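Chemist: Based on what follows, work out the 3D shape:
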Amino acid sequence: MKMLVGCASLACLWFLLLRGVDAVKRVSRWRWLATGLILLGLADAVQFLLRIARRISEDWQRAYTHPIYMLETFVDPARFRGTCYRAANWILLGHTTGRGKNDLTHQPNRPIKEVLGYPLTRCFRQQLVEG
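Modeler: Below is the predicted model:
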């Protein structure tokens, strides 16, 4: 089984784990961290994203017995520019439809977001298709 993993939630979790925050604090700070990562300086944010990208597939393999080949994240361009992702060489893959996963009306009812991806291997397309 191959999958794409959203980076924002994983980045928050990794940040907490690397800092050694215990489980209780992990839950209480989760909300702050999801928005608090934008407070990092650009160089720190880029370094953080690159460190996660280098390590996450191996850790995922160890935990779930299969690797991941590409990370993805969503950026709301009305609120953010995604500067740290672009500086870390994430690729713009496209835009969401603005409909959400439980869409019943087939009409946009959410903000349209940019979809950014970061391949973890050179042959990620082939590896994702084979799954």
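Chemist: could you pull out the helices for this structure?
Modeler: Remark: helices assigned in the chain by DSSP state H are 7-19, 23-36, 42-64, 83-87, 124-130.
Chemist: Worst mean pLDDT among those helices?
Modeler: Across the helices of the chain, helix 23-36 has the smallest mean pLDDT, namely a mean of 45.
Chemist: who does V115 bridge with?
Modeler: Taking DSSP bridges, one obtains F74, G94 as the residues bridged to V115.
Chemist: which residues does K113 contact?
Modeler: F74, V75, D76, P77, H95, T96, G98 (Cβ atoms under 8 Å, 6 or more residues apart in numbering). Bear in mind the C-beta positions are built from the backbone N, C-alpha and C, glycine included.
Chemist: now swap in P77 and tell me
Modeler: Contacts for P77 (Cβ under 8 Å, 6+ apart) come out as I112, K113, E114.
Chemist: export those residues to a markdown table and tack on pLDDT and distance to A87?
Modeler: Supplementary listing: these in a markdown table, determined by pLDDT from 0 to 100; distance: Cβ to Cβ, whole Å:
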| residue | pLDDT | distance to A87 |
| --- | --- | --- |
| I112 | 92 | 23 |
| K113 | 93 | 19 |
| E114 | 94 | 15 |
